[in-house]
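>>> sequence and predicted model, in that order:
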Amino acid sequence: MSAKFFNRLAVRWHLLGLLFMACLLSACMPRQMLVNSAADALTTQVQAEEEDIGLAREASAFYLKVSESLLRQTPGHLPLAETVASGFTQYAYAFVAFEAERLAPTDAKAAHQLNERARRLYWRAHRHAMAALNQTTPGFSAALAQPQATLWPKLRAEQVGVAYWAAASWGAYIALSKDDPDAVADLPLAVRLAELAWRTSPDHGQGALTSLMGNFEAARPGGSMAKAAAFFDQAFAISGAQNPGPLVAKAEAIAQAAGDRPAFEALLQQALSVSAKRTDLSSQIMRQRAQWLLDNADDLF
């Protein structure tokens with residue numbers, strides 16, 4: 001086995017040791033210092049790239065539970081809050097909601113149950129992200145809901161990642177809550193949060209935030225498809241033409257919605273070509289989704 005494997009294993013055992021010590025110590029200050037150290041170490045580990053989708057899925061539950069437990073003790077730890085919110089959101093998207101889509105044609109009941117689980121996971125991610133924003137900017141949620149733009153909260157650079165995942169998980173939750181008027185009514189707030197983050201750091205996440213703006217523009221009542229397409233194109237350019245995500249998003253939000261199958265297939269083929277050159281997990285997930293969409297194009301048009 002490689003030295004890289006053993007180095008990662010050693011870090012994980014170190015992390016578990018920190019957690020064990022934190023549980024044993026009763027003195028408040030030393031314990032909190034250990035918790036913070038464990039949070040820092042876990043954030044670094046969870047953000048490490050994993051190339052194997054199956055392995056990522058198997059490992060996710062452990063990391064999500066440990067990181068969530070630590071976050072409850074360090075609610076103002078923005079990097080850990082971002083890790084937790086992104087972890088729950090991506091797990092719900094890649095492994096729960098996607099499975100529901102694949103099952104829907106043959107097992108509607110199982111698909112419904114999976115979608116309900118995905119909704120709960122998205123909301124869990126959103127709660128953690130918003131709690132961190134409220135912890136670091138007291139009154140953040142109340143200010144976000146104000147009708148006057150001058151009263152909306154200001155995002156600091158270090159809050160953008162948490163705000164991005166708060167908005168992304170919120171939007172995903174709303175998309176699976178079409179029968180819940182109260183949830184749907186929050187769409188303008190989710191869009192507002194994404195826009196606040198985007199105006200602060202439009203290049204965040206190698207175009208992921210700009211791509212989210214495209215999704216929101218396409219989804220909101222009265223949204224402009226031309227403007228949404230421009231967001232997706234801008235997101236792909238920000239990534240240096242390396243991120244297949246905006247291509248898949250544009251195929252679904254623009255081409256599929258317009259009934260343009262040639263454009264739909266061309267965008268997905270481009271996404272497959274881009275993702276084939278990358279081994280990171282997000283690219284592999286997008287590759288998997290692009291291929292599934294192509295394989296099911298007859299049912300989608």
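On my side now, so go ahead.
>>> who's in contact with residue 223?
With contacts defined as Cβ atoms under 8 Å, 6 or more residues apart in numbering, residue 223 is in contact with 216-217. In this view, the C-beta of every residue, glycine as well, is placed from N, C-alpha and C.
>>> just residue 263 next, same as before
Contacts of residue 263 by Cβ under 8 Å, 6+ apart are 251, 254-255.
>>> how far away is it from residue 251?
For residue 263, the distance to residue 251 equals 8 Å [Cβ to Cβ, to the nearest Å].
>>> same thing with residue 76?
39 Å.
>>> what's the answer for residue 130, then?
Taking Cβ to Cβ, one finds residue 130 at 30 Å from residue 251.
>>> please say which of those two ends up with more neighbours.
Between residue 130 and residue 251, counting by other Cβ atoms under 10 Å, residue 251 is the more crowded of the two (26 against 22).
>>> ok, that one - contacts?
Contacts of residue 251 (Cβ under 8 Å, 6+ apart): 263-264, 267-268, 271, 290, 293.
>>> same thing but 7 Å
264, 267-268, 293 (Cβ atoms under 7 Å, 6 or more residues apart in numbering).
>>> over to residue 256?
Residue 256 touches 264, 300, counting by Cβ under 7 Å, 6+ apart.
>>> apply 10 Å and report the result again.
250, 263-264, 267-268, 293, 297, 300-301 (Cβ atoms under 10 Å, 6 or more residues apart in numbering).
>>> in helices only, show me the residues you listed.
With DSSP state H as the criterion, helices contain 250, 263-264, 267-268, 293, 297, 300 from among the contacts of residue 256.
>>> what is the nearest of those residues to residue 92?
residue 293 (18.6 Å; Cβ to Cβ).
>>> pull the number of nearby residues for that closest one.
With other Cβ under 10 Å as criterion, residue 293 counts 20.
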